[in-house]
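A.B. asks: Sequence isn't available, so here's the structure alone:
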């Protein structure tokens, strides 16, 4: 099996795609929501449909290959317009390249994870756009969309207040890459931090984050935001170092690493 599956709350499932990334499923009384589609190494669609008996929507937190790579298994998907083109342009070669990077970092064993032959295609769903403030109605519960540009231009968070889970994508990881294109990196960092502070000020709205690669405690997510604040306040400086399979100028606060620069420069250093 390509996934480790865990029901983290009643009718809320967490999927670990062989150490590559994390996806989620939230079931309501009328329909369900799939949050992120992973790299697409196996038949995730069939896995979803084995767990629920209601219609469902697919929501993608951002357009990177490890979160939107499996979107072609579905007929429709919702994404921020700012990340639409990135998701649309993902190829089989991009997906295989990500696997190689994960192997090089030691995150997965060499040749342990491969894309199933039937999944080696460049199919894409019909995309629909979501934006800040949109509500996805599942019947007895709703999901609220928050724009949080920083990691990418179209990164979003999805809040499930009923189950008290914030599906945070790659917005508050312990290795946080703020790689959205911009001419003013300081302004991007300030915007990302400001939005994050607003979301996390809702103390009773959620008690765990469904991150893009693992479950994240609220306390750890707040440390990631605090790292951003420390940078804005001029209290910490970046140092060139290797983090995971990246190499570049990272800021460090506690055990949080934050990079604020272009994705291309991060890989070329």
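C.D. replies: All right, it came through fine. In this text the structure is predicted, and so the values were computed from the model without any measurement.
A.B. asks: all contacts plus neighbour counts: C-alpha atoms, from now on.
C.D. replies: Fine.
A.B. asks: pLDDT below threshold where in the chain?
C.D. replies: Applying pLDDT under 70 to the chain flags residues 1, 268-269.
A.B. asks: which residue is nearest the middle of it?
C.D. replies: With distances taken as Cα atoms, centre = their mean, residue 169 lies nearest the centre of the chain, 2.6 Å away.
A.B. asks: and it, what are its phi and psi?
C.D. replies: phi 50, psi -140 (degrees, to the nearest 10).
A.B. asks: again, but for residue 105
C.D. replies: phi -80, psi -10.
A.B. asks: nearest residue to it other than its sequence neighbours?
C.D. replies: Of all residues not flanking residue 105 in the chain, residue 245 sits nearest, at 4.9 Å (Cα to Cα, 6 or more residues apart in numbering).
A.B. asks: ok, now how distant is that neighbour from residue 229?
C.D. replies: The gap separating residue 245 from residue 229 is 25 Å, by Cα to Cα, to the nearest Å.
A.B. asks: Repeat that for residue 91.
C.D. replies: To residue 229, residue 91 is 36 Å away according to Cα to Cα.
A.B. asks: Of residue 245 and residue 229, which one has the most company?
C.D. replies: Using other Cα atoms under 10 Å, the more surrounded residue of residue 245 and residue 229 is residue 229, with 18 against 14.
A.B. asks: The more buried one - that's part of a helix, no?
C.D. replies: Yes - the assignment for residue 229 (DSSP: H, G, I helix; E, B strand; the rest coil) places it in a helix.
A.B. asks: contacting residues for it?
C.D. replies: residue 193 (Cα atoms under 8 Å, 6 or more residues apart in numbering).
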